[in-house]
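> Give me a model of this one.
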Amino acid sequence: MAARTLKLADIELLFQRRGAEQYSGEPVTQLEHALQTAHLAEQSGAGDALVTACLLHDLGHLLNDQGRGLNDTPSLRGIDDAHQYFALPFLRGLFTPAVLDAIQLHVDAKRYLCCANAGYHARLSEDSKRSLVLQGGVFEPQQAQAFIAQPGAFDAVMLRQWDDLAKQAALPTPPLAHFLELASRCALPTPS
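Below is the predicted model:
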């Protein structure tokens with residue numbers, strides 16, 4: 001798929017087409033995981049940009065065909081699909097860095113949290129532990145300091161923690177339309 005800036009209607013269609021796919025190694029679908037992450041952020045009082053980043057943080061899984069059509073997770077085959085980067089070209093003309101930075105940094109936020117919080121690694125799901133190794137492993141203290149100093153890193157850490165909790169079967173959330181409305185409030189104006 002060639003990178004072109006998506007519109008909100010394209011994102012809605014992508015979730016309609018691929019959102020029912022199983023979220024790698026977890027008891028939820030891709031759409032359920034996205035909605036749960038955004039819902040947890042909204043319940044915590046996050047602003048529209050961070051809630052939108054939470055909704056879209058794993059959009060790269062839906063855009064990238066690595067592992068598509070298989071009943072397992074790419075990490076079981078030793079694949080890091082680099083989903084945090086894959087979605088960015090599609091979203092760059094639609095959202096500001098406030099949304100994009102949190103998406104881009106949410107994987108490194110896992111690496112950071114494993115370094116900064118002694119009990120964090122033990123709470124990760126098995127798939128998250130496998131993918132952590134493929135994504136570069138736990139940060140060294142110097143790497144953690146450099147990470148948290150980046151713009152958007154704090155939001156990425158918050159996103160990551162909601163991401164970890166957003167794997168609950170049958171958790172009620174608002175519908176996709178609710179979160180797309182929030183996303184529309186922080187989308188860049190379309191050129192005339």
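
> Now the helix or strand that contains D10: average pLDDT?
Assigned by DSSP states H and E, D10 belongs to helix 8-18. Mean pLDDT, computed over helix 8-18, is 95.

> Give me the buried positions along it.
Judged by neighbour count (16 or more other Cβ atoms under 10 Å), helix 8-18 contains these buried residues: I11, E12, L14, F15, R18. C-beta coordinates here come from the backbone N, C-alpha and C atoms, glycine included.

> Neighbours of the nearest residue to L182 once chain neighbours are set aside, how many?
Nearest residue to L182, sequence neighbours excluded (Cβ to Cβ, 6 or more residues apart in numbering): D48, at 4.8 Å. Counted with other Cβ atoms under 10 Å, residues neighbouring D48 total 19.

> Next: A156.
30.

> Just give the nearest non-adjacent residue to it, would you?
Leaving aside its sequence neighbours, A156 sits nearest to L105 (Cβ to Cβ, 6+ apart; 3.5 Å).

> wait, what's in contact with that neighbour?
Contacts for L105 (Cβ atoms under 8 Å, 6 or more residues apart in numbering) come out as Q84, F147, Q150, G152, A153, D155, A156.

> Quick one, grab the pLDDT at the residue nearest to the third one when sequence neighbours are not counted.
Spelled out, it's Q150. Sequence neighbours aside, L105 is the residue nearest to Q150 in space, at 6.7 Å (criterion: Cβ to Cβ, 6+ apart). Note for L105: predicted pLDDT of 96.

> for stretch 26-44, the distance to its chain's centre please.
Remark: stretch 26-44 is offset 10 Å from the chain centroid, using Cα atoms, centre = their mean, to the nearest Å.

> Show me which residues of it are buried.
26, 28-42.

> swap in stretch 149-168?
Buried-residue list, stretch 149-168, by 16+ other Cβ under 10 Å: 152-153, 155-164, 166-167.

> Of the residues you listed, which belong to strands?
If you go by DSSP state E, the buried residues of stretch 149-168 have nothing in strands.

> Dihedrals phi and psi, Q22?
Dihedral pair for Q22: phi -60, psi 140, per degrees, to the nearest 10.

> That one - how many residues pack around it?
Q22 - counted by other Cβ under 10 Å - has 16 other residues nearby.

> now do the one 3 residues further on
Counted with other Cβ under 10 Å, residues neighbouring G25 total 17.

> Now do it against V138, distance only.
In this view, G25 and V138 are 20 Å apart by Cβ to Cβ, to the nearest Å.

> What of L59?
The value you get for L59 to V138, if Cβ to Cβ is used, is 26 Å.

> Least confident secondary structure element in the chain?
Least confident helix or strand, the chain: helix 83-86 with a mean of 78, by mean pLDDT, DSSP states H and E.

> residue contacts, the residue positioned nearest the centre of the chain?
Centroid-nearest residue in the chain, with Cα atoms, centre = their mean: H57, separated by 2.2 Å. Neighbouring residues of H57 by Cβ under 8 Å, 6+ apart: A34, T37, Q84, A102, I103, H106, L159, D163.
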